[in-house]
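> Below are the sequence and a predicted model for it; my questions follow.
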Amino acid sequence: MINHTIIAAKGYAFVEITQSHELEAYKRATINFVSDPDFEPSIHRLCDFSQADLSNATLTDIKAYAKFTLEHLPTTPITKVALVSPAENKLGIFANMIKAHSPANFRIFDEPGLAITWFNES
């Protein structure tokens, strides 16, 4: 499952990814997120993959999804995106996502609480 919750009052969204998904499922979830009436390009995003199974993810799919998000998932210069990795051996997957975006506003975390702290920093 890929679920999102936008907490507009706090200025961030929580996206939780569980199980294993194909590239098209990630694309559909992204379109659903952007279509949410509470979505704003400046909203910070915590993408929690800690319960995800990424064993089927290929580098080709990661690059294709990164390109897709650049085209369909608007951000602003102040938008922060936190990626919570499911395991240390999957950090390379997230590093490839960050390469496609602005490294200053994308970070990898090993737990969601640290990402929230980062969101609240000036």
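Nice, I can see it.

> Check for me that Ala13 belongs to a strand.
Yes: assigned with DSSP: H, G, I helix; E, B strand; the rest coil, Ala13 falls within a strand.

> And Asp48, how far from Ala66?
From Asp48 over to Ala66 the distance is 18 Å, taken as Cβ to Cβ, to the nearest Å. The C-beta positions use only the backbone N, C-alpha and C, and glycine is treated the same way.

> Those two: who's more crowded?
A direct count of neighbours by other Cβ atoms under 10 Å for Asp48 and Ala66 places Asp48 higher, at 21 against 15.

> Any stretches of the protein with poor pLDDT?
For the chain, the stretches with pLDDT under 70 are 87-94, 96-97, 100-104, 122.

> Give me the most central residue, it.
Cys47 (3.8 Å; Cα atoms, centre = their mean).

> The helix or strand containing Asn32 packs against which elements?
Taking DSSP states H and E as the criterion, the element that holds Asn32 is helix 23-35. Packed against helix 23-35, as judged by 3 or more Cβ pairs under 8 Å, 6 or more residues apart in numbering; DSSP states H and E, are the following elements: strand 2-7, strand 12-19, helix 59-72.

> again, only this time at 7 Å
Contacts defined by 3 or more Cβ pairs under 7 Å, 6 or more residues apart in numbering; DSSP states H and E place helix 23-35 against strand 2-7, helix 59-72.

> contacts for it?
Ile2, His4, Val15, Phe39, Asp61, Ala64, Tyr65, Phe68, Thr69, His72, Leu73 (Cβ atoms under 7 Å, 6 or more residues apart in numbering).
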